[in-house]
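> just the structure for this:
(chains A and B)
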There are 2 protein chains.
Amino acid sequence: MASLPPTLLQSSRRARLVTKKKYLKKDWCKTEPLIRRLREPGCRSRRVIDRFCYGQCNSFYIPRESRRRRAFKSCPSCLPRRWERVSVLFHCPGQVPARRRRTVKLVKQCRCMPRRRR
Amino acid sequence: MASLPPTLLQSSRRARLVTKKKYLKKDWCKTEPLIRRLREPGCRSRRVIDRFCYGQCNSFYIPRESRRRRAFKSCPSCLPRRWERVSVLFHCPGQVPARRRRTVKLVKQCRCMPRRRR
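The predicted structure is shown next:
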């Protein structure tokens, strides 16, 4: 082959090392508050503070030498990492009972993480 | 509720709008060359230029008001978008035939894109 540019990486393993150490800048994933209005039929709605996630996570895909091996791959996204369950009381005038509780799951903290396999 | 900070978003739809327009900076996804050594039993190895992907794609997760609705979610990663199939000739001294061809799939271009469902 003709002489190659000095930065041309020589193997998949080297590419993975350089990618992790040098190429990918700091990733980030924010957790921000959000008002969420909860509704229950016949009751007054309640507002709670939920949270949402947004960010830029590092991802890469590096093919391997051998056909038999899967590529080096990392595909995290900014997603909820922790949740909290909260019990919310609704006032339902004219109904029996006049008060009703419901448990709701709220986002507590986001982080760059792999998607869950379903 | 006590007075809320001015930036506290009032709904999931608003959060999605603000996230897309304002919060998420420009994403990026690079395609870089990589030497890949192909081996075939009893033949001289061949080197080809493959490519690998790395970058930072925008992702978000925004819960919806109603329990019945899935969250607004976007989870792309820097992955191969286009491939190319290349026919590679191997020299296999002492074998019959002395030359052998094999088709190999190489990464051509990477882009922030959703993972494929399998």
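
> ignoring the adjacent residues along the chain, who's closest to residue A:80?
residue A:107 (4.5 Å; C-beta to C-beta, 6 or more residues apart in numbering or on different chains). For the C-beta atoms, the positions are set from N, CA and C on the backbone; glycine is no exception.

> and the strands in chain A?
Here chain A has its strands, by DSSP state E, at A:28-38, A:46-62, A:72-74, A:77-91, A:99-113.

> what is the second one packed up against?
The elements that strand A:46-62 packs onto, with contact taken as 3 or more C-beta pairs under 8 Å, 6 or more residues apart in numbering or on different chains; DSSP states H and E, are helix A:12-18, strand A:28-38, strand A:72-74, strand A:77-91, strand A:99-113, strand B:46-62, strand B:77-91.

> what does the third one contact?
Contacts to strand A:72-74, defined as C-beta atoms under 8 Å, 6 or more residues apart in numbering or on different chains, come from residues A:12, A:15-16, A:58-62, A:64, A:114, B:77, B:79.

> how far off centre is it?
The chain centre lies 17 Å from the centre of strand A:72-74; the measure is C-alpha atoms, centre = their mean, to the nearest Å.

> may I have the strands that pair with it, each with its orientation?
Strand A:72-74 has its sheet partners listed here by DSSP bridges as strand A:46-62 (antiparallel).

> which residue is the nearest non-sequential neighbour of the residue minimising distance to the centre of chain A?
Centroid-nearest residue in chain A: residue A:79, 1.2 Å away (criterion: C-alpha atoms, centre = their mean). Sequence neighbours aside, residue B:61 is the residue nearest to residue A:79 in space, at 5.1 Å (criterion: C-beta to C-beta, 6+ apart).

> tell me the confidence at that neighbour?
Per-residue confidence (pLDDT) for residue B:61: 95.

> surely it touches residue A:57?
No: using C-beta atoms under 8 Å, residue B:61 is not in contact with residue A:57; the gap is 11.8 Å.

> I'd like the helices and strands packed on strand A:46-62 as JSON lines, with distance to residue A:49 appended.
As requested, the helices and strands packed on strand A:46-62 are arranged in JSON lines below (distance: least, C-beta to C-beta, whole Å):
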{"stretch": "helix A:12-18", "distance to residue A:49": "41"}
{"stretch": "strand A:28-38", "distance to residue A:49": "5"}
{"stretch": "strand A:72-74", "distance to residue A:49": "32"}
{"stretch": "strand A:77-91", "distance to residue A:49": "10"}
{"stretch": "strand A:99-113", "distance to residue A:49": "8"}
{"stretch": "strand B:46-62", "distance to residue A:49": "14"}
{"stretch": "strand B:77-91", "distance to residue A:49": "30"}
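
> alright, that wraps it up for me.
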